[in-house]
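**Student:** Starting from these lines, generate the structure:
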Amino acid sequence: MIKMANKRALKTCCVATTLLLFLLILTAIILYFTLLKPKQPRIVATAVDVTNVQLRTSPAIVLNLTLGADIVVNNRNYAGFSYDDTTTLIFYHGVSVGVAPVAAGTIGARATEKIRSSVDVDVVKVVENGNFLFDILTGSLNFTSSSAIEGKVVFLKIFKLHASSLVTCDISIFVFTNSSSCSCKSKTKL
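**Tutor:** Numbering: from 1, shown residues only. I've put the predicted structure just below:
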């Protein structure tokens, strides 16, 4: 009689353990597909700041120019987003006139951070460009900035999501008013 009770108790314990394990696995799967599934971070360029513009045309052409390019990363995941070293490039009519390194970093879970870079423009390349005098006469220097960000989200050291984004901005600097305008686009892919 005691053996029969022990067998029944053992059977009940095994069934309860199996059911509990099944419910835990089912809960983990539901959590993964609803809350914890890695999501693509949102990477958006903000307006480019012109932090230093000096243009003098007499007695000789002198130009000093520093551009600040910011990229905002919104990490929508419950894990950190780590991005690699990258650079911000500035182009003037297709010619590279500035490079700024951006150090690797990590953006915390469910956080938004601004990645800043400041680029000193190589004014010799700008002045030597065949479009420079025409742009000065029209009052607008037109630049393009480009930044490529690559990184990954790792959740529980198992699930990985690689993300890359190309951020480009068209920048117009109005030399007579010391003002600027900027239009940015970002393209993110897995």
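
**Student:** and Leu161, what helix or strand is that in?
**Tutor:** Per DSSP states H and E: Leu161 is located in strand 159-174.

**Student:** other SSEs contacting that strand?
**Tutor:** Under the contact criterion of 3 or more C-beta pairs under 8 Å, 6 or more residues apart in numbering; DSSP states H and E, strand 159-174 touches strand 42-45, strand 49-56, strand 62-74, strand 140-155, strand 179-189. To be clear about C-beta, it is placed using only N, CA and C from the backbone, and glycine gets the same treatment.

**Student:** between those, which gets nearest to Ser118?
**Tutor:** strand 62-74 (4.9 Å; C-beta to C-beta).

**Student:** quick one: the closest one to strand 140-155, angle?
**Tutor:** Relative orientation of strand 62-74 and strand 140-155, computed by axes from the mean of the first three to the mean of the last three C-alpha atoms, to 10 degrees: 30 degrees.

**Student:** buried stuff in stretch 124-135?
**Tutor:** For stretch 124-135, the neighbour count (16 or more other C-beta atoms under 10 Å) marks Val126, Asn129, Phe132, Asp135 as buried.

**Student:** Dump those into a markdown table; add distance to Ala104 as well.
**Tutor:** Listed next are the buried residues of stretch 124-135 as a markdown table, based on distance: C-beta to C-beta, whole Å:
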| residue | distance to Ala104 |
| --- | --- |
| Val126 | 30 |
| Asn129 | 33 |
| Phe132 | 35 |
| Asp135 | 36 |
